[in-house]
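Peer 1: attaching a predicted model along with its sequence, questions to come.
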Amino acid sequence: MVDAPVFEDFAVGQAIGPLHKGRITTAHIMRWSASVENWHRIHYDQKFATGHDGLPDVVINGSWKQHILVQLMKDTLGPSGWLWKIKFRYRKLDVAGEPITALGEVTDAVACDGLGFVTCCIRLEVADGVLSTDGSALGVVKLRGGRAVSYPFVPTAAQALLSLPAE
Amino acid sequence: MSGAAEEIASRYRGMRGDPLTAPMPVSGDAIRRFVQAIMDTDPTYFDEAVAGASKFGGIAAPPLYPVHAFRRPGGTPDPLQSVQDDPDADGTAGTDAIGFGLPPIDSPFKRLLNGGNEIEFFRCLHDGETSVARARYAEVTVKEGRSGAFLLVVIETEFSTTGGDKLLLNRQSLIWR
């Protein structure tokens, strides 16, 4: 993939990612919780998480995981592209020590009103490909030799009809 | 339960909260801490020269940042006071990370599950801008599952700048059992 991909660089079935975040430790979870001032003890107090709430360990925040999927798409679409729509569902509780990887696949690519629209299925996996979170995303890129994607992104009437696939 | 749950659903369905304005504008330092926590090394988030040459024209926060912009204002009660007072307190007292100004749903359902999100992005929150949230209960429906009735709630929150520029639209599905 080139630095600033264009529509013609994407093809249905093409893999995106992987974006490896490595093993997410209690220190990583603490750093995220502090950065967003989330003081829920299940994210940093192991005694509370396991003894009080009966969890297997402190929990990796769902709010952190969604940013990893956003980053996967942002990096895939490049600096001139735009992540327009994303949806995801948490399938599993992830706890400290699990390695997180984001990846996906292009499922559709259409040109509409002078821009390219790339749909991807996306997911987070923990060890050995176990599914953590999955969903889909729709990004906008320029056509080769075409006009830039506007920022802020404002879809035309025809583009506004494009949507994420139903589950 | 079912009749009472239906009454609860109809009471909240369509309800809008008052606009909620973040207590402070986002700063470059807050963005730096944030992207370090999500482990995104994209220099657009912290390098003035790179950001200035980008489509953003300056430092901007990651697309989903506005959802996290609503921090505890100075002079408000400390949620961790509850942890000192009560060993069973979970540390979330007085905080609300999902309602964005909507009144919480008063229902007999106590167990909350996150059913997922669907988000549409328009632009990022730039360094120095302040996020505003406008939330509504887009859907409050009683459903019947294998283990009994549950409440499906969709909170639709539009985030914008104080100048009225639309940032993103977040539809969050929640399930109360």
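Peer 2: Alright, I've got the coordinates.
Peer 1: run through the neighbouring helices and strands of the helix or strand hosting residue A:139.
Peer 2: Assessed by DSSP states H and E, residue A:139 sits inside strand A:131-142. On a contact count with 3 or more CB pairs under 8 Å, 6 or more residues apart in numbering or on different chains; DSSP states H and E, strand A:131-142 meets helix A:62-77, strand A:82-90, strand A:98-112, strand A:115-125. Heads up, the C-betas are built off the backbone N, CA and C, glycines and all.
Peer 1: parallel or antiparallel, list what pairs with the second one.
Peer 2: Each strand that strand A:82-90 pairs with, and the sense of that pairing, follows from DSSP bridges: strand A:131-142 (antiparallel), strand B:112-121 (antiparallel).
Peer 1: just the buried residues of that strand, please?
Peer 2: A:82, A:83, A:84, A:85, A:86, A:87, A:88, A:90 (16 or more other CB atoms under 10 Å in any protein chain shown).
Peer 1: okay, and the beta partners of the fourth one?
Peer 2: Residue A:85 has these beta-bridge partners by DSSP bridges: residue A:138, residue B:120.
Peer 1: what residues are up against residue B:141?
Peer 2: By CB atoms under 8 Å, 6 or more residues apart in numbering or on different chains, residue B:141 lies in contact with B:9, B:13, B:151, B:152, B:153.
Peer 1: nearest to residue B:3, of those?
Peer 2: Checking the contacts of residue B:141 against residue B:3 by CB to CB gives residue B:9 as the nearest, at 10.8 Å.
Peer 1: can you list the residues of chain B near chain A?
Peer 2: When proximity is defined as CB under 8 Å from any CB of the partner chain, chain B approaches chain A at B:33-34, B:36-40, B:42, B:44, B:54-56, B:62-64, B:67-68, B:71-72, B:79-80, B:83, B:88, B:90-92, B:95, B:97, B:114-123, B:165-166.
Peer 1: for ChimeraX, what selects the buried ones among the residues you listed?
Peer 2: To isolate the buried members of the residues of chain B next to chain A in ChimeraX, using 16+ other CB under 10 Å:
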select /B:34,37,38,39,40,42,44,54,55,56,62,63,64,67,68,79,83,90,91,92,95,116,117,118,119,120,121,122,123
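Peer 1: need the helices for chain B, in chain order.
Peer 2: All helices of chain B, identified by DSSP state H, fall at B:2-12, B:28-37, B:48-53, B:81-85.
Peer 1: quick check: which of those helices is buried the most?
Peer 2: Highest mean neighbour count of the helices of chain B: helix B:28-37, a mean of 18 (counted as mean count of other CB atoms under 10 Å in any protein chain shown).
Peer 1: CA atoms of that helix as PDB?
Peer 2: Extracted in PDB, the C-alpha atoms of helix B:28-37 (Å, rounded to 0.1, in the frame of the first residue of the first chain):
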ATOM      1  CA  GLY B  28      -2.500  19.700  22.600                       C
ATOM      2  CA  ASP B  29      -1.300  18.200  25.800                       C
ATOM      3  CA  ALA B  30      -4.500  16.300  26.300                       C
ATOM      4  CA  ILE B  31      -4.300  15.000  22.700                       C
ATOM      5  CA  ARG B  32      -0.700  13.900  23.400                       C
ATOM      6  CA  ARG B  33      -1.700  11.900  26.400                       C
ATOM      7  CA  PHE B  34      -4.700  10.500  24.600                       C
ATOM      8  CA  VAL B  35      -2.800   9.200  21.500                       C
ATOM      9  CA  GLN B  36       0.000   7.800  23.700                       C
ATOM     10  CA  ALA B  37      -2.700   5.800  25.500                       C
END
